[in-house]
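Asks: dropping the sequence and predicted coords here.
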Amino acid sequence: MAERGRGAARGGARGVGGGFNKGRHGGPQGSQPTMDKPKREAILDLSKYVNERIRVKFTGGREVKGILKGYDQLLNLVLDEVEEEVLEPEPHTRSLGLAVLRGPTITLLSPVDGSEEIANPFNNQED
């Protein structure tokens, strides 16, 4: 019998009052004022590239081209008619069709139309 009494004295009545102390540790409180925050704008606006061909480079060196069909705020992309440019053992392209690209692995994203490769202006060409 002494065991039961001791348990209640140590905090056995935890269920009373709705559990652990709400509000003491930053939990949800009913009377917090709500502030109207301006909606955060995305750093990169991909809406102008929907249904356009884009080039995507990934961490690790892989590179694909395809038509942007959709995206989300995490920069996950849906591309159609995807072609991967494989460099090893010999340069060639591999057709992948429709693909979902994970945003955290993307390092570079650029439109295919309107961009061209230029020579490195910082490369010393002293002969």
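Replies: On my side now, so go ahead. Residues are numbered from 1 along each chain as shown.
Asks: sec struct for residue 47, please.
Replies: In the three-state summary, residue 47 is assigned as helix, counting by DSSP: H, G, I helix; E, B strand; the rest coil.
Asks: can you give me the strands in this structure?
Replies: Taking DSSP state E to define them, one finds strands in the chain at 53-58, 63-71, 77-86, 92-101, 106-111.
Asks: show me what the first one is in contact with.
Replies: For strand 53-58, the surrounding residues in contact (C-beta atoms under 8 Å, 6 or more residues apart in numbering) are 63-68, 77, 79, 101, 105-113, 115. All C-beta atoms are positioned from the backbone trio N, CA, C, and that covers glycine.
Asks: ok, now with 10 Å
Replies: 46, 62-68, 75, 77, 79, 81-85, 99, 101-102, 104-113, 115 (C-beta atoms under 10 Å, 6 or more residues apart in numbering).
Asks: count residues in the vicinity of residue 88, would you?
Replies: 7 (other C-beta atoms under 10 Å).
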